[in-house]
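**Q** mind folding the following:
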Amino acid sequence: MCRIHHKKNDIVKKFPIHENIKSILMNYKEWYDKTMEAYKFRNPNGYVIVTYVGEPIGERYLKRIIDLLCERENITHFTPHYLRHTFVTIQLSNNIPVSTFAALVGNMPETIYKVYAHSFEKDEIQASNLVDEIITLSSFQEY
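**A** Numbers count the residues shown, from 1 in each chain. Predicted coordinates:
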């Protein structure tokens, strides 16, 4: 389980994390801690991703990093919230039950449908094909 502390609401969320991602994060933490030893930096709380003063990163810190990356890579606009939308969109497009990932992002399923759900072209084509299979000219000729 992974724990994320949301400073604004003082909430700690727990969610399952895949072993592959956990391994990547722990390798990063090990590298970071080792690198920072030379500067006598300590991470007493054991956070994985921290600011230069050892505090867990917040949205403003993440936004600053993203802005620097956007500037370097010549990307016009990107916010941390896009990552949330991407996560939700991936879950929706893979038919994961809304109640499952709504809990992970801290929303009610109704909010997911209102804010994040939008039509996917592949689903529109599939729906159109289904109607095409059901309704044929011969089905109307019987009457």
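**Q** low-confidence stretches in the protein?
**A** Scanning the chain with the threshold set as pLDDT under 70 gives 1-13, 119-120, 136-143.
**Q** need the longest helix for it.
**A** Identified as the longest helix of the chain according to DSSP state H is helix 19-37.
**Q** buried residues in it?
**A** For helix 19-37, the neighbour count (16 or more other C-beta atoms under 10 Å) marks 29, 32 as buried. The C-beta positions use only the backbone N, C-alpha and C, and glycine is treated the same way.
**Q** residues making contact with it?
**A** 2, 43, 48-50 (C-beta atoms under 8 Å, 6 or more residues apart in numbering).
**Q** run the chain-centre distance for it.
**A** In this view, helix 19-37 has its centroid 20 Å away from the chain centroid, taken as C-alpha atoms, centre = their mean, to the nearest Å.
**Q** what ranges do the helices span in the chain?
**A** 19-37, 59-73, 80-93, 98-105, 109-111, 121-134, 137-141.
**Q** quick check: closest non-adjacent residue to the residue nearest in space to the middle of the chain.
**A** Nearest to the mean C-alpha position of the chain, counting by C-alpha atoms, centre = their mean, stands Phe87 at 3.5 Å. Of all residues not flanking Phe87 in the chain, Val105 sits nearest, at 6.9 Å (C-beta to C-beta, 6 or more residues apart in numbering).
**Q** ok, the one you found to Ile49 distance?
**A** 19 Å (C-beta to C-beta, to the nearest Å).
**Q** same question for Tyr39.
**A** Taken as C-beta to C-beta, the span from Tyr39 to Ile49 is 17 Å.
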